[in-house]
Structures are given as C-alpha cells and as structure tokens.
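Chemist: fold the stuff below for me.
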Amino acid sequence: MIDWLTDVFSAMQGWLFETAVQPLVYAIGLGGWAEDAFDATGWLLVGVVQILVLLAVIGPLQRWRAVEPVTDRRAIRIDVLYTLIHRLGLFRLALFFTLQPLFDDLLGSLRMAGWGTFHLDEVWPGVTDVPWVAFAIYLVVLDFVGYWIHRGQHHFNAWWSLHSLHHSQRQMTMWSDDRNHLLDDVIHDTLIVIVAQLIGVAPGQFIAVVAFTQLSESLQHANLRLSFGAIGERLWVSPRFHRLHHSIGLGHESHGKSTLGGHNFGVLLPWWDMLFRTANFENRYDPTGIRDQVEPGADGRPRDYGQGFWSQQWLGLKRLFGRA
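Modeler: Numbering: from 1, shown residues only. Predicted coordinates for the structure are as follows:
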C-alpha cells in the first residue's frame, strides 16, 4: 500500500510539474531552479490534498458535532488565510529564498563538528528499512521532539510571547492549527528540519510525516465534540484532549501564569504527556483562549492579540520586545 501510494503521488507530482510548474519556472527565467521547483510541487500537491480532506471530511464532522456555535466568522477567515499560506507552500517558498542558505550552512557546520547523519532506518536491516516501519519510527522520534518544542513554547517567556498568538483564537476550528506567528514557525520548523536531517529522514518520508502530522493537528483543533475513549485517548491525541490544552486558565496556564505549567502538549501521541506527567484526560470542553484576553490588565483592559493577519504579527513582535 505504501509503495502504491508513493507511485500515485509521484505520478501526480510529475504531471503537475510538467504541465504547470516547469513552464512557469522557465517563463520567468528561473530554469536553474527546476529541481527545487519539482520539490516545491510535491509540497503544493500535499497541501491541495490536505485542504480537500479538510473540506470533505473534517468540515462535515464539525457541523455534525460542534462544541460551540460559530459566532466570529472573521476570526475563522483569518485562520483560513494562515492555512492557505502554510499548506500551499507559500511559507516554505519564503523560507527557501530567505533562510535556505543559513540552513545549509548550519547543517554543514554540524557535520563538520562531527554530528553526521545517523540513519535510523539502517539500525536493523530488513526491518527498520521497510518503508512503513521507517515512517512509524520517524513519526515517533519527531513527535517526541515536537513535544519538547511545544513545552518550550510555553515555558520561555520570549517564546510564549510569539506562541500565544496561536492560543488567542477563541473560536477554534479545523483551520486554527496554522494560526501562528511566522517567527514562531521559523523556530519550530528549523528545529524539526535539523533533527530530521540528523536522523536521516529521506525527503519523501519527511513530506509524508509532515502531511500526516498536519492533518491530525487539523482534526485536533476542530470545533468537534469528540474523544477517542478511555483507551484511544491514550494512544492518539483527540480533539477533546487538545481542546483542553487550549482551555482558558487550565490547559496552558495552570499556575496562574501563561508561561508556567499546563497540560496536553503532545502533538500526535499523548504518551509523552503521560510519561512526563502533563496529561489531563478530563472529559470536558471549555472555552478556549488566554486568561488575559478576558481579564483586565494593569491598564484596566484585556490584552489585544489583533484581529487581522498583519496586526497579529505586529503585536507578536511588540510582545516579544516587551512593548505590548
């Protein structure tokens, strides 16, 4: 099945590249970047498939068992914009033209320092190099890294000043996963890419891991009253489990401060929360957001996280430098 899906995806990627992307690349004088454009076509195709799944599967589920009525459609439209920017490859395209040389230099420096690539899929020949086994291994390892990145986003004040934008959505839906400050995404993606390079994740496997993770995260953020049961909740992060992480005063600010404590930091697997005692399996669906959005601050007003894309990005930078 893995091989068949890979063949189908490769055929679609080749067709899309030859019929649309390649002619465009040569038309604008970037023929020397054709190989990179082919890789970008893969990300674009994955994004289109993800959006179709959101519309055809997760959207109807939200309408079937919504946690709360939709009252702020403007906030959701901004989240849709974030989703399109990330899933259709626009964010990765910007990274390619701005930060790719830095990534290459950094990875080169790590290898020069003796941090060569350790191929996890070669640990047990005949077993770990089976495609689906390698995929599962990479998924678990990168999810473990993702858990600690997520803990860092909530523990360090500077990082929280950026990540808090993600939690400021009080109308959480399937579009909310990509609602992040762009600098927060740069930090997160840089760490994930470095680890993926060091453990030898092949480009095709990396795209598959990212796509699978993103779809699961879209389901987790859905406005959906759904748990996976007593056993399932301990095997995979559900919408109920993750919504509690977004709950005001409980999921990410348990000790009265937004950067301390909290629950349910797992990205895909609740195992890490269970292992490090941050899991909360209460069967509840609380309002989402941040405490300082609903409680007045020193100036007597709740904190504003911005209504539009650019205001949200700007206010995130102001929080980072202590001016908001």
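
Chemist: for Val201, give me its contacts.
Modeler: Counting by C-beta atoms under 8 Å, 6 or more residues apart in numbering, Val201 touches Tyr138, Leu142, Val209. Just so you know, the C-beta spots here come from the backbone N, C-alpha and C atoms, and that holds for glycine as well.

Chemist: quick check, it in a strand?
Modeler: No: assignment of Val201 by DSSP: H, G, I helix; E, B strand; the rest coil gives coil, placing it outside any strand.

Chemist: over to it: give its phi and psi.
Modeler: phi -70, psi 120 (degrees, to the nearest 10).

Chemist: per-residue pLDDT of it, please?
Modeler: Confidence at Val201, expressed as pLDDT, is 93.

Chemist: just Ser258 next, same as before
Modeler: 44.

Chemist: which residue, other than its chain neighbours, is closest to the spatially most central residue of the chain?
Modeler: Taking C-alpha atoms, centre = their mean, the centroid of the chain lies closest to Gln214, which sits 5.7 Å from it. Leaving aside its sequence neighbours, Gln214 sits nearest to Gln50 (C-beta to C-beta, 6 or more residues apart in numbering; 6.2 Å).

Chemist: next SSE downstream of the strand or helix carrying the one you found?
Modeler: In the assignment (DSSP states H and E), Gln50 maps to helix 34-53. Sequence-wise, the next helix or strand downstream of helix 34-53 (DSSP H and E) is helix 59-64.

Chemist: so for that following helix, what gets flagged as buried?
Modeler: By neighbour count with 16 or more other C-beta atoms under 10 Å, helix 59-64 contains the buried residues Leu61, Gln62.

Chemist: report the backbone C-alpha coordinates of that helix in PDB.
Modeler: Output in PDB follows, covering the C-alpha atoms of helix 59-64 (Å, rounded to 0.1, in the frame of the first residue of the first chain):
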ATOM      1  CA  GLY A  59     -15.700  20.100   7.900                       C
ATOM      2  CA  PRO A  60     -18.800  17.900   7.900                       C
ATOM      3  CA  LEU A  61     -17.700  16.400  11.300                       C
ATOM      4  CA  GLN A  62     -17.600  19.900  12.800                       C
ATOM      5  CA  ARG A  63     -21.100  20.600  11.600                       C
ATOM      6  CA  TRP A  64     -22.300  17.200  12.900                       C
END
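
Chemist: packing partners for the helix or strand that contains Val8?
Modeler: According to DSSP H and E, Val8 maps onto helix 2-16. If you count contacts as 3 or more C-beta pairs under 8 Å, 6 or more residues apart in numbering; DSSP states H and E, helix 2-16 packs onto helix 34-53, helix 131-155.

Chemist: after that helix, which helix or strand is next?
Modeler: helix 22-27.

Chemist: send the alpha carbons of the helix or strand bottoming out on mean pLDDT in the chain over as CSV?
Modeler: The weakest-scoring helix or strand in the chain, judged by mean pLDDT, DSSP states H and E, is helix 100-112 (a mean of 78). Coordinates of the C-alpha atoms in helix 100-112 are reproduced here as CSV (Å, rounded to 0.1, in the frame of the first residue of the first chain):
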residue,chain,number,x,y,z
GLN,A,100,17.8,28.2,3.0
PRO,A,101,21.5,29.3,2.7
LEU,A,102,21.6,29.6,6.5
PHE,A,103,20.0,26.2,7.0
ASP,A,104,22.7,24.7,4.6
ASP,A,105,25.5,26.4,6.5
LEU,A,106,24.1,25.3,9.9
LEU,A,107,23.8,21.7,8.8
GLY,A,108,27.2,21.8,7.2
SER,A,109,28.7,23.2,10.5
LEU,A,110,27.0,20.4,12.5
ARG,A,111,28.5,17.8,10.2
MET,A,112,31.9,19.4,10.4
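
Chemist: go through that helix and flag the buried ones.
Modeler: Phe103, Leu107.

Chemist: cool, stretch 231-244 as well?
Modeler: So for stretch 231-244, counting by 16+ other C-beta under 10 Å, buried means Glu233, Arg234, Trp236, Val237, Ser238, Pro239, Arg240, Phe241, His242, Arg243, Leu244.

Chemist: any stretches of this protein with poor pLDDT?
Modeler: 1-2, 116, 253-261, 323-324 (pLDDT under 70).

Chemist: ok, now which ones touch Val46?
Modeler: Arg87, Ile207, Val210, Ala211.

Chemist: doesn't Arg234 lie inside a helix?
Modeler: No: counting by three-state DSSP, Arg234 falls outside a helix, being coil.

Chemist: my read: it touches Leu269, true?
Modeler: No: in this structure, Arg234 is not within contact of Leu269 by C-beta atoms under 8 Å, at 9.4 Å.

Chemist: out of the buried residues of stretch 231-244, which comes closest to Leu110?
Modeler: Val237 (30.5 Å; C-beta to C-beta).

Chemist: sorry, back to before: quick one: the helix holding Gln50 to helix 100-112, angle?
Modeler: Here helix 34-53 runs at an angle of 100 degrees relative to helix 100-112 (axes from the mean of the first three to the mean of the last three C-alpha atoms, to 10 degrees).
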